[in-house]
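Participant: With the input below, show me the fold.
(one chain, ligands or ions: 1)
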Amino acid sequence: MLEAAFLGIMLFGWERVNPTIHYLSTILVAVGANLSTVWILTANSWMQTPAGRELVNGKFIVHDYFQAILNPFMLNSVLHMFFATLETSLFVIGGISAWYILKQRHPAFFSQSLKIALAVAIAVAPLQIYIGHLSGEQVYHYQPTKLAAMEAQWESSPAEKPADWSLVAIPNEKAQKNDWEITVPNALGYILEFKKNFSEPVRGLKEWKSEDRPHLVGLIYYAFRTMIAIGFFFAGLMLLSTLQWLRGKLSAKNVTQQRWLMRAWILAAPLGYIAVESGWIVRCVGRQPWTLYGQIRTVDAASRLPASKRHFLVWD
Ligand code: HEM
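Facilitator: Residues are numbered from 1 along each chain as shown. Below you'll find the predicted structure:
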């Protein structure tokens, strides 16, 4: 309601309402959107780690709403999504600014907006990588089948030895192996198992029956790598730009000379959206075959009514 009510003023109110009202409306749209983020991610996190529920006579019942809301995935997932939208917006603002700078249109104004986006990105880009890493740890802990698909790991790693990390691979679902891959020895173990002293090896997909683990392994694996690559690209671009800023190269006078840097910012503008979509593919395709992880299968949760009937009922 909040978002919908003030969106109209934000979009159509420019030069129609006074600037303070326009500014306040924009802030209220942002507050509304972020409240939605919290609830959408809370509901989705419950689907990943369904807490506060029990099965009574074959009925699935939530008995503790606080436990359900504060489920193990909730906090980290809300933060990762919040920073994802923030980071996407920062690089869109930076990319638009860079485009104007390259075209030599209002460089003084756009060097300022680029620097504002960059100043926030200095905090956000590394934080998002760190929170992403925590997301990976929670998947490892609570959703081993998803982790195995994210890493295209078919065989379990031997006990007491850190797991190798597959950098790139061509997963072959039929043969249940990777046709080709480049691996970094022990790296996955150091990323995930370090705190556990390598006592819990990373489990491979073959440990589960085919109907109990996700398919489309290639999609999940490459969506995960795409998201990570974009996260590191953002951080690298932020570092390089900060360096140039410290050397005075982003001033209104000098910034138009930074042609390659500006091109990199333009390239970065759509990447946040791709990272967000990739993240959701990892999260929800990786959760399959479950609607509620480990509890209710997607095939059982899907409506048995044919689509035509459903359409009919809605309009009846
Ligand atoms: C570079 C480091 C990154 C790592 C290690 C990382 C890790 C992860 C992991 C493990 C998940 C799956 C969580 C789950 O299934 O519960 C995930 C989901 C997601 N990621 Fe990332 N990510 C990174 C960067 C990014 C970036 C740069 C963005 C967007 C700008 C992004 C957006 C998302 C979104 C929207 C989701 C789904 C919602 C959520 O889990 O909050 N990620 N990420």
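Participant: ok, which stretches of this protein are helices?
Facilitator: Listed in chain order, the helices found in the chain under DSSP state H are 2-12, 19-48, 65-69, 74-102, 107-142, 144-150, 187-188, 217-246, 259-268, 271-280, 298-301, 307-315.
Participant: Can you say which of those is packed in most?
Facilitator: Among the helices of the chain, ranked by average contacts under mean count of other Cβ atoms under 10 Å, first place goes to helix 144-150 (a mean of 24). Using the backbone N, CA and C atoms, a C-beta is placed for each residue, glycine as well.
Participant: What is that one packed up against?
Facilitator: Packing partners of helix 144-150 (3 or more Cβ pairs under 8 Å, 6 or more residues apart in numbering; DSSP states H and E): helix 107-142, helix 217-246.
Participant: Quick check: which of the helices of the chain is nearest to Asp179?
Facilitator: helix 217-246 (10.5 Å; Cβ to Cβ).
Participant: Helix 107-142 and the closest one, what's the angle between them?
Facilitator: When axes from the mean of the first three to the mean of the last three Cα atoms, to 10 degrees is applied, the directions of helix 217-246 and helix 107-142 differ by 140 degrees.
Participant: could you give the mean pLDDT of helix 217-246?
Facilitator: Averaged across helix 217-246, pLDDT comes to 98.
Participant: if we can go back for a sec, with distance to Leu292 added, can I get the helices of the chain in a markdown table?
Facilitator: Shown next, in a markdown table, are the helices of the chain (distance: least, Cβ to Cβ, whole Å):
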| stretch | distance to Leu292 |
| --- | --- |
| helix 2-12 | 28 |
| helix 19-48 | 5 |
| helix 65-69 | 11 |
| helix 74-102 | 15 |
| helix 107-142 | 12 |
| helix 144-150 | 14 |
| helix 187-188 | 27 |
| helix 217-246 | 19 |
| helix 259-268 | 37 |
| helix 271-280 | 17 |
| helix 298-301 | 8 |
| helix 307-315 | 22 |
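Participant: With respect to Gln288, which of the ones you listed lies nearest?
Facilitator: Of all those, the one in closest proximity to Gln288, counting by Cβ to Cβ, is helix 298-301 (6.2 Å).
Participant: what does the closest one rub up against?
Facilitator: Residues from elsewhere that reach helix 298-301 (Cβ atoms under 8 Å, 6 or more residues apart in numbering): 288-292.
Participant: go with 10 Å
Facilitator: 47, 211, 287-292, 295 (Cβ atoms under 10 Å, 6 or more residues apart in numbering).
Participant: same deal with stretch 166-181?
Facilitator: Stretch 166-181 is contacted by residues 149, 151-155, 164, 182-184, 187-188, 204-206, 210, 215-222, 225 when judged by Cβ under 10 Å, 6+ apart.
Participant: Okay, the closest residue to the ligand within the stretch 1-150 of the chain and Glu173: tell me how far apart.
Facilitator: Ranked by Cβ to the nearest ligand atom, the top residue of the stretch 1-150 of the chain for proximity to the ligand is Gly132, at 2.3 Å. Counting by Cβ to Cβ, to the nearest Å, the gap from Gly132 to Glu173 is 26 Å.
Participant: so where is this protein shaky, pLDDT-wise?
Facilitator: Residues of the chain meeting the criterion pLDDT under 70: 195-199, 309-316.
Participant: make it 90
Facilitator: Residues of the chain meeting the criterion pLDDT under 90: 1, 15, 54-60, 157-163, 186, 189-190, 192-202, 300-316.
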